[in-house]
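1. sequence and predicted structure, then a few things I'm wondering about:
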Amino acid sequence: MAISRFSTVFSLATAAILALASCAGPAPAPAEGSPSPGQEGPSQQSVATPNSPEPAVAESTHAPARQLDQGALEAILASLKNDSGEPLSMISATDMAEGQRMQKLALDGAGITPESCRVFAASNAELPAGSVYAAGSWQDEATATATIVTLMSADPSVLAAKLAESTKNRPDCASFSLTVAGQTVQTTLAQLPVETNADTETAMLISQDLPNNTSLHTAMVEALQGGLVVTVAKLGPAVDEGAAPELGTLVNKVLAAS
């Protein structure tokens, strides 16, 4: 299969899978020039929550109980640095809009088995009315990984209801197949333990068997604090459950900056 064709299949499959995994907004479109799995360097993608029966509850230390505006979300992201002191590369509004377009294309044109997962994904992909979001990423060429932080803010009661519904329905999609352009991606979602300072949080490991005989793994943590949903994801061929504590710490950094 040509690289360009595989890249399209991978992007669409990723968008649909993230719609199933997260309720925190659209998946950013892959950065221009980012290689696909099987090529050198990291791929870019966003992340979220598993098939947990009940979200974990932790002591709250920061509570943005109000809805934050776009500028506030971007300021939070701009304050973050990784262990090497590097700031996030902000993901443009154009790329975020492209991510939304890819999600719609994937959900409209992909075959998802079981069928109930398609309904769940479509519901998950719908953004709450009046919500705002922003995202940024770090890429590590040495380890072929990408870490993505997505923030979404909306009315706190609306977010709480949406996250509760998503958590309740996700167990039905713990394992599913997705077919795009004649290529099938088998996916499993496994719950991970994680603790953050948010009101509620969930974590999971998403494993994808890709059409070019490679695998991609994404660890994701999604946390709700008042009017703010924080989703952090780390993806790459060697990412495993050990990434969850690192992502939980990153969630806490976001909450501290809010």
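-> Structure's in. What do you need?
2. this structure: helices as residue ranges?
-> For the chain, helices defined by DSSP state H occupy the ranges 3-21, 70-78, 93-109, 116-125, 156-169, 244-257.
3. tell me which of those helices sits nearest to residue 134.
-> helix 70-78 (4.1 Å; C-beta to C-beta). Where you see a C-beta, it was placed from the backbone N, CA and C, and this is true even at glycine.
4. what's the burial count for the closest residue to residue 104 other than its chain neighbours?
-> Closest residue to residue 104 apart from its sequence neighbours, by C-beta to C-beta, 6 or more residues apart in numbering: residue 125 at 7.6 Å. Around residue 125 there are 22 other residues, counting by other C-beta atoms under 10 Å.
5. so residue 125 sits against residue 101, correct?
-> No - using C-beta atoms under 8 Å, residue 125 is not in contact with residue 101, being 11.5 Å away.
6. if the closest residue in space to residue 69 that isn't next to it in sequence is in a bridge, with which residues?
-> Closest residue to residue 69 apart from its sequence neighbours, by C-beta to C-beta, 6+ apart: residue 132 at 6.4 Å. Taking DSSP bridges, one finds residue 153 as the beta-bridge partners of residue 132.
7. what's the spacing between residue 132 and residue 163?
-> Distance, residue 132 to residue 163, using C-beta to C-beta, to the nearest Å: 17 Å.
8. tell me which of these two has more neighbours.
-> residue 163 (24 against 18).
9. which ones are touching the nearest residue to the more buried one once chain neighbours are set aside?
-> Spatial nearest neighbour of residue 163, chain neighbours left out: residue 224 (5.2 Å); criterion: C-beta to C-beta, 6+ apart. Contacts for residue 224 (C-beta atoms under 8 Å, 6 or more residues apart in numbering) come out as 55, 159-160, 163, 198-201, 230.
10. let's see it at 7 Å
-> 159-160, 163, 198-200 (C-beta atoms under 7 Å, 6 or more residues apart in numbering).
11. of those, just the buried ones, PyMOL syntax please.
-> Only the buried entries of these go into this PyMOL selection, using 16 or more other C-beta atoms under 10 Å:
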select buried, resi 159+160+163+198+199+200
